[in-house]
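Colleague: Predicted model and sequence follow; I will ask about them next.
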Amino acid sequence: MPKLTINGTEVEVEPGTSIIQAAEMLGIEIPRFCYHDRLSVPANCRMCLVEVKGGPPKPVASCAMACAEGMEVETDSDMVRKARKGVMEFLLINHPLDCPICDQGGECDLQDQAMGYGYDRSRYHENKRAVKDKQLGPLIKTVMTRCIHCTRCVRFGEEIAGVTEMGVLNRGEDVEIGTFVDKVISTELSGNMIDICPVGALTSKPYAFQSRPGELTKTEPFDVHDAVGSNIRVDSRGGEVKRVLPRLHEDINEEWISDKTRFAYDGLLNQRLDKPYVRDAETGRLRQSSWHEALAVAAEAMVNVKANRMCGLVGDLVDVETTVALKDLLKEMGSENHECRVDGAMFDTSERSGYIMNTTIAGIEEADAILLVGTLPRWEASLINARIRKTWVDKKVPVGVIGPEADLTYPYEHLGDSVNALKTLKSGRSDFAKTLKDAEKPMIIIGMGALYRPDGAGIQALAREIADKFGMIKDDWNGFNMLHTAAGRVGALDVGFSGDFDIDKMRLFYLVNVDTEILDFIPKDAFVIYQGHHGDRGAMRADVILPGAAYTEKSSLYVNTEGRVQLSARAVFPPGEAREDWKIIRALSETLDKPLAYNDVFELRERITTEWAHFENIDGIVKPEWSDFGDKEIEVDFDAPLAAAIDNFYMTNVICRASEIMAQCAESFVEDSTEMLREAAE
């Protein structure tokens with residue numbers, strides 16, 4: 001491995017390491033605009049110039065120069081300082097004097113580096129060039145006169161997101177960045193272009209002129225809009241969430257987040273439940289009540305119903321603490337009827353290896369053959385889809401798809417749209433069967449689209465047999481994966497919140513954030529207690545409404561689709577009289593004169609970790625044993641097509657449905673996506 005000296009300090013690096021990377025290893029800062037360690041190297045901004053002694057007689061771009069044995073590099077010599085000042089002077093020729101009103105102010109790389117490395121005057125006095133702003137959709141605000149043509153957004157679109165709609169147009173003084181045809185950016189990851197833009201050319205349209213960075217309180221929770229568990233930073237002011245940004249986590253989301261994660265935050269303010277309600281017996285209408293009255297009415301209803309006619313359901317956004325508290329309360333009442341699969345997914349939950357992503361999200365990059373069954377990961381888990389694309393870009397991994405066709409941003413072989421294709425694959429009568437057999441680390445990803453049907457457990461068993469047959473299960477590799485769409489699902493399954501009961505026989509339903517189609521199957525004469533944070537479908541059906549807290553308003557545990565336990569932090573307090581969900585259940589148990597055995601969240605978490613030890617391993621992966629799961633005895637309808645689990649990426653939960661920003665996105669993007677699926681089906 002080559003050894004070189006940077007500013008008098010010797011460092012040994014891997015072959016192919018660039019000078020800028022070697023300097024980062026030593027903690028030496030080299031300014032840059034176009035260079036980004038997750039994108040290709042264009043070397044077009046020239047801000048990262050350094051001096052190589054005994055080498056070229058002029059400064060070299062450190063991002064594009066590989067380290068060599070015996071190289072001596074100076075990053076702060078007189079030659080380098082003069083060159084950087086010249087580059088900065090050149091970059092600012094056409095840059096407008098927008099800093100006082102620019103949304104990037106306070107977080108602008110150009111602003112910071114102009115202060116640190118620039119010159120205090122300019123020799124250019126010509127009129128500044130103006131560039132027409134581009135309409136990129138409801139999410140990205142453009143001021144293209146500020147653009148310095150670093151091409152980060154172009155490279156992100158091509159390399160990470162898999163869309164080629166952005167590019168560099170024209171040449172010389174007329175050069176500009178935009179779309180080749182006048183259209184919006186059709187990717188679920190477009191907001192990341194805002195993060196990587198080093199100037200104020202691309203900023204957040206919903207956040208425009210809302211606040212300055214120094215005014216915001218920064219908190220580090222996790223995203224709940226899908227089951228990926230993306231690490232995020234919530235910036236709030238005065239009890240209101242102002243924006244959501246990504247946090248670095250190499251094993252989950254790297255440094256990206258989806259547009260739904262980033263922009264649905266305005267839904268946290270709209271249509272909120274901030275007071276308890278009870279349904280008036282005379283008028284049949286909901287009316288505001290006190291907490292004391294609402295809990296008393298709910299308790300009376302629970303006491304007057306037989307235990308075997310009472311059930312509890314938890315929705316997609318429910319944290320582990322709330323799920324365990326509800327399970328404990330139902331047990332105190334003598335009921336074992338509880339379920340978290342409120343979307344109709346039917347699969348065996350007896351073995352943990354049967355319902356998590358055993359490969360892990362980062363492990364996708366090790367796979368050399370991927371089979372997708374009943375899933376459109378671009379909509380169901382955009383960051384996992386980006387991992388698959390990254391793997392394809394790096395080593396052209398073959399991908400097979402069984403289910404609906406769609407643009408997944410990487411090429412794949414469509415094997416069929418029904419379970420028949422899975423049956424054919426198992427028999428070996430498929431070219432992709434040979435691909436899986438020859439692969440060293442093949443993997444299968446089963447989506448909820450394959451399990452939203454009565455024979456879901458049979459399909460799960462068939463997929464497990466395929467995993468065994470094609471060598472997906474080895475000592476150091478487990479290629480069987482289930483991709484969930486609900487953030488709270490795996491945590492609820494881990495604590496045993498699933499069961500088998502006849503919904504038609506139930507006469508009391510305790511719903512926590514349940515707003516799915518299962519509400520249509522609740523008997524009309526049943527009593528419904530709804531606990532949640534938005535006045536959505538569940539609240540409309542309720543007889544008692546108990547206002548809860550959204551994910552940004554509580555510290556809570558979630559488990560993502562790969563089985564990773566994550567502890568979230570509270571960013572703001574719940575509005576009005578709303579309270580944290582587990583506290584509501586604890587208060588109800590007191591009203592029922594059956595108090596639960598914990599009085600604060602620490603005692604509740606101790607109760608959780610005592611029974612389920614893996615919850616102690618925060619941000620860690622506990623690999624389960626591989627064993628038998630699924631139900632081979634269920635008769636599978638092999639000819640029925642596999643549908644997509646999500647038909648509208650921007651409207652998947654109550655927060656999204658309350659978001660005006662997501663409504664604008666649905667209007668701008670979903671029609672094109674629906675047309676894409678329709679054309680593929682035809």
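Modeller: Happy to help now that I have it.
Colleague: Can you list the neighbours in contact with stretch 295-311?
Modeller: 276, 278, 289, 330, 333-335, 337-339, 501, 503, 505-510, 527, 529, 543-544, 546, 587-588, 591-592 (C-beta atoms under 8 Å, 6 or more residues apart in numbering). All C-beta spots, glycine's among them, are computed from the backbone N, C-alpha and C.
Colleague: 7 Å instead, please
Modeller: 278, 330, 333-335, 337-338, 501, 505-509, 527, 529, 544, 587-588, 591-592 (C-beta atoms under 7 Å, 6 or more residues apart in numbering).
Colleague: What helix or strand is the nearest residue to residue 469 once chain neighbours are set aside located in?
Modeller: Excluding the flanking residues, the one nearest residue 469 by C-beta to C-beta, 6 or more residues apart in numbering is residue 426, at 6.5 Å. Per DSSP states H and E: residue 426 is located in helix 419-427.
Colleague: and that helix, which residues are buried?
Modeller: 419-426 (16 or more other C-beta atoms under 10 Å).
Colleague: quick one: low-confidence ranges for the stretch 151-300 of the chain?
Modeller: Applying pLDDT under 70 to the stretch 151-300 of the chain flags no residue at all.
Colleague: Can you give me the neighbour number for the closest residue in space to residue 587 that isn't next to it in sequence?
Modeller: Setting aside the residues directly before and after it, residue 587 is nearest to residue 295 in space (C-beta to C-beta, 6+ apart), at 6.1 Å. Residues near residue 295, counting by other C-beta atoms under 10 Å, number 22.
Colleague: tell me which element residue 295 falls in.
Modeller: The secondary structure element spanning residue 295 is helix 291-303 (assigned by DSSP H and E).
Colleague: Now do stretch 401-416: everything it contacts.
Modeller: For stretch 401-416, the external contacting residues (C-beta under 7 Å, 6+ apart) are 161-162, 372-378, 385, 388-389, 392, 398-400, 417, 421-422, 425, 430, 432, 449, 642-644, 676-677, 680.
Colleague: Which among these count as buried?
Modeller: Buried members of these, counted by 16+ other C-beta under 10 Å: 161-162, 372-378, 385, 388-389, 392, 398-400, 417, 421-422, 425, 430, 432, 449, 642-644, 677.
Colleague: out of those, which are inside strands?
Modeller: 372-373, 399-400 (DSSP state E).
Colleague: wait, isn't the residue nearest to residue 469 in contact with residue 465?
Modeller: Yes: Residue 426 is within contact range of residue 465, at 6.4 Å (criterion: C-beta atoms under 7 Å).
Colleague: could you pull out the helices for the stretch 1-150 of the chain?
Modeller: 19-25, 78-91, 109-117 (DSSP state H, counting those that start in this stretch).
Colleague: who touches the last one?
Modeller: In other words, helix 109-117. Helix 109-117 has contacts (C-beta under 7 Å, 6+ apart) with 31, 33, 47, 84-85, 88, 92, 99, 105, 148, 198-199.
Colleague: burial measure for residue 472, as a count.
Modeller: Residue 472: 27 surrounding residues under other C-beta under 10 Å.
Colleague: show me what contacts residue 482?
Modeller: Neighbouring residues of residue 482 by C-beta under 7 Å, 6+ apart: 355-357, 446.
Colleague: In three-state terms, label it for me.
Modeller: Following DSSP: H, G, I helix; E, B strand; the rest coil, residue 482 is assigned to strand.
Colleague: if I look at the residue nearest to the spatial centre of the chain, how far off is residue 55?
Modeller: Residue closest to the average C-alpha location in the chain (C-alpha atoms, centre = their mean): residue 230, at 4.6 Å. Applying C-beta to C-beta, to the nearest Å, the value for residue 230 to residue 55 is 43 Å.
Colleague: now do residue 574
Modeller: Between residue 574 and residue 55 the distance is 61 Å, computed by C-beta to C-beta.
Colleague: Compare neighbour counts for these two and give me the winner.
Modeller: For residue 574 versus residue 55, neighbours defined as other C-beta under 10 Å are more numerous around residue 574 (22 against 13).
Colleague: What's the per-residue pLDDT of the more buried one here?
Modeller: Per-residue pLDDT puts residue 574 at 96.
Colleague: Identify the residues contacting it.
Modeller: With contacts defined as C-beta under 7 Å, 6+ apart, residue 574 is in contact with 549, 553.
Colleague: and what of the one 5 residues further on?
Modeller: By C-beta under 7 Å, 6+ apart, residue 579 lies in contact with 548-549.
Colleague: Looks to me like it is in a helix.
Modeller: No: applying three-state DSSP, one finds residue 579 to be coil, outside a helix.
Colleague: And it, how close does it get to residue 238?
Modeller: 20 Å.
Colleague: go on, residue 474?
Modeller: From residue 474 over to residue 238 the distance is 54 Å, taken as C-beta to C-beta.
Colleague: any idea where the strands of the stretch 501-650 of the chain begin and end?
Modeller: 508-512, 527-532, 544-547, 557-559, 565-567 (DSSP state E, counting those that start in this stretch).
Colleague: what's next to stretch 14-25, contact-wise?
Modeller: 1-2, 4, 6, 11, 13, 30, 32, 35, 48, 50, 62-67, 73, 75.
Colleague: for stretch 268-278, that is, sorry about that
Modeller: Contacts for stretch 268-278 (C-beta under 7 Å, 6+ apart): 240-241, 286-291, 293-294, 297, 532-535, 539, 544-547, 550, 552, 575-578, 655, 658-659.
Colleague: can we see that at 6 Å?
Modeller: Outside stretch 268-278, the residues that touch it by C-beta atoms under 6 Å, 6 or more residues apart in numbering are 241, 286, 288-289, 291, 294, 297, 533-535, 544-547, 550, 575-578, 658.
Colleague: Stretch 28-43 now?
Modeller: Outside stretch 28-43, the residues touching it (C-beta under 6 Å, 6+ apart) are 20, 23, 44-45, 47-48, 61-64, 75, 113, 117, 150-152, 155, 159, 196, 198.
Colleague: Quick one, grab the pLDDT at residue 381.
Modeller: Predicted confidence (pLDDT) for residue 381: 96.
Colleague: Could you give me the buried positions within the helix holding residue 295?
Modeller: Counting neighbours by 16+ other C-beta under 10 Å, one finds that the buried residues in helix 291-303 are 291, 294-299, 301-302.
Colleague: Quick check: what element follows it along the chain?
Modeller: The helix or strand immediately downstream of helix 291-303 is strand 310-314, counting by DSSP H and E.
Colleague: quick one: strands adjacent to that following strand?
Modeller: Partner strands for strand 310-314, per DSSP bridges, with pairing direction: strand 338-339 (parallel), strand 508-512 (parallel).
Colleague: Between these, which one is closest to residue 259.
Modeller: Nearest to residue 259, of all those, is strand 508-512, at 27.1 Å by C-beta to C-beta.
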